[in-house]
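Asks: Turn this into a structure:
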Amino acid sequence: MRLVPLLSHCFWFASIPCQAILFLLMVRRGLHRQFPIFAIYTGWGVLKTSTLVAMNYMPLVSGDAYRNAFTAGAVGETALGFCVIYEIFNYILTDYPAAGELGARLFRWATVVLLLIAIALAWYEPARGAGHAMAVFYVLQRTVSILQSGLLVFLFLFSRSLGLSWRSYAFGIALGFGVYASVTLGTAAIRSQIEATAPKLSTDILTLISTGKSLACILIWIAYLLAQERQPKVPTRPLPPHDLDSWNRALQRLLHP
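Replies: Predicted structure coming up:
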């Protein structure tokens with residue numbers, strides 16, 4: 001086996017025990033109650049990757065069966081990914097219900113705008129390449145990645161105004177998703193235009209980047225769970241009159257007159 005495919009398979013195999021460790025760490029630290037959808041996402045990742053690895057080495061499994069399993073796993077992962085992003089957003093705004101209500105409205109509008117942009121890009125830059133079926137899949141993946149990347153940027157901007165610590169678990173989960181979505185956007189954009197019917201060096205390199213990206217994100221999440229979460233510092237002086245609690249009360253009066 002050539003070096004690039006060999007490394008891709010090594011990253012692929014390594015992601016299974018790493019995902020299992022991540023899931024066990026979440027349960028051990030009780031974070032499956034704090035972030036239940038992310039726990040489900042992690043469990044889904046273990047199931048999806050284990051199934052695909054097993055099917056890849058079963059001689060009786062056809063190429064169509066593998067592609068169907070791959071597509072089903074990707075659809076489930078994408079749907080759960082959007083739910084995790086929304087879960088993080090709600091977690092950040094738990095203590096500020098009025099700000100959370102306004103943020104949820106902005107989040108929905110941001111989703112609509114980004115979706116329109118992604119659809120327009122898919123329309124003007126359709127799938128190309130010899131492997132048209134998979135090229136179409138990567139166009140859809142590119143569309144989803146644009147949407148997820150935009151929502152994560154919105155999430156980071158909004159959370160920064162609320163003083164979210166970069167050492168918090170919520171920030172670590174969002175950071176991992178940000179890396180995942182941005183790298184996926186780049187690889188899917190390229191593969192949607194050059195996808196071949198048979199593997200070649202360019203597609204092998206992109207596969208290596210994809211498997212490495214998945215493993216890197218899992219390691220980011222494990223590192224955050226192993227580290228001690230930084231607790232918010234207690235202010236040593238009174239907060240100014242425009243603090244978040246004041247904003248929250250003002251938003252409550254604005255949204256519910």
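Asks: ok, how many other residues are close to the closest residue to residue 211 other than its chain neighbours?
Replies: Spatial nearest neighbour of residue 211, chain neighbours left out: residue 11 (3.9 Å); criterion: Cβ to Cβ, 6 or more residues apart in numbering. Quick note: C-beta positions are derived from backbone N, CA and C, even for glycine. As a burial measure, residue 11 scores 20 neighbours (other Cβ atoms under 10 Å).
Asks: same for the helix or strand containing residue 11, what does it pack against?
Replies: Secondary structure from DSSP states H and E places residue 11 in helix 3-28. Using 3 or more Cβ pairs under 8 Å, 6 or more residues apart in numbering; DSSP states H and E, the elements in contact with helix 3-28 are helix 36-56, helix 201-226.
Asks: Throw those into TSV and include mean pLDDT, thanks.
Replies: As requested, those are exported to TSV (pLDDT from 0 to 100):
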stretch	mean pLDDT
helix 36-56	93
helix 201-226	89
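Asks: Which among those is found nearest to residue 86?
Replies: Each of those has some distance to residue 86 by Cβ to Cβ; the shortest is helix 36-56, at 8.2 Å.
Asks: Check what contacts that closest one and list those residues.
Replies: Helix 36-56 is contacted from outside by 12-13, 15-16, 19-20, 22-23, 26-27, 31-32, 61, 65-66, 69-70, 73, 76-77, 80-81, 83-84, 87-88, 173, 218, 221, using Cβ atoms under 8 Å, 6 or more residues apart in numbering.
Asks: And stretch 221-231, by the same measure?
Replies: 18, 21-22, 25-26, 29, 31, 42, 165, 167-169, 171-173, 175-176.
Asks: And the helix or strand where residue 79 lies, what does it pack against?
Replies: Residue 79 is part of helix 63-92, with elements assigned from DSSP H and E. Helix 63-92 sits against helix 36-56, helix 97-124, helix 132-161, helix 169-194, with contacts defined as 3+ Cβ pairs under 8 Å, 6+ apart.
Asks: Let me see the mean pLDDT of the second one.
Replies: Mean pLDDT, taken over the full extent of helix 97-124, equals 63.
Asks: picking up where we left off before, show the buried residues in the contacts of stretch 221-231.
Replies: 18, 21-22, 25-26, 31, 42, 168-169, 171-173, 175-176 (16 or more other Cβ atoms under 10 Å).
Asks: biggest separation within those, which pair?
Replies: Top of the distance list for those (Cβ to Cβ): 18 and 168, 21.6 Å.
Asks: Could I get the buried residue list for stretch 70-86?
Replies: Residues of stretch 70-86 classed as buried under the neighbour-count rule (16+ other Cβ under 10 Å) are 70, 73, 76, 77, 78, 80, 81, 84, 85, 86.
Asks: got a list of contacts for that stretch?
Replies: Taking Cβ under 8 Å, 6+ apart as the rule, stretch 70-86 contacts 35, 37-38, 40-41, 44-45, 48, 51-52, 107, 137, 141, 144, 147-148, 151-152, 155, 173-174, 177, 181.
Asks: Mark which of those residues are buried, thanks.
Replies: Members of the contacts of stretch 70-86 classed as buried by 16+ other Cβ under 10 Å are 35, 37-38, 40-41, 44-45, 48, 107, 137, 141, 144, 147-148, 151-152, 155, 173-174, 177, 181.
Asks: The helices and strands packed on helix 3-28 into TSV, with extra columns for distance to residue 185?
Replies: Output for those, formatted as TSV (distance: least, Cβ to Cβ, whole Å):
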stretch	distance to residue 185
helix 36-56	19
helix 201-226	11
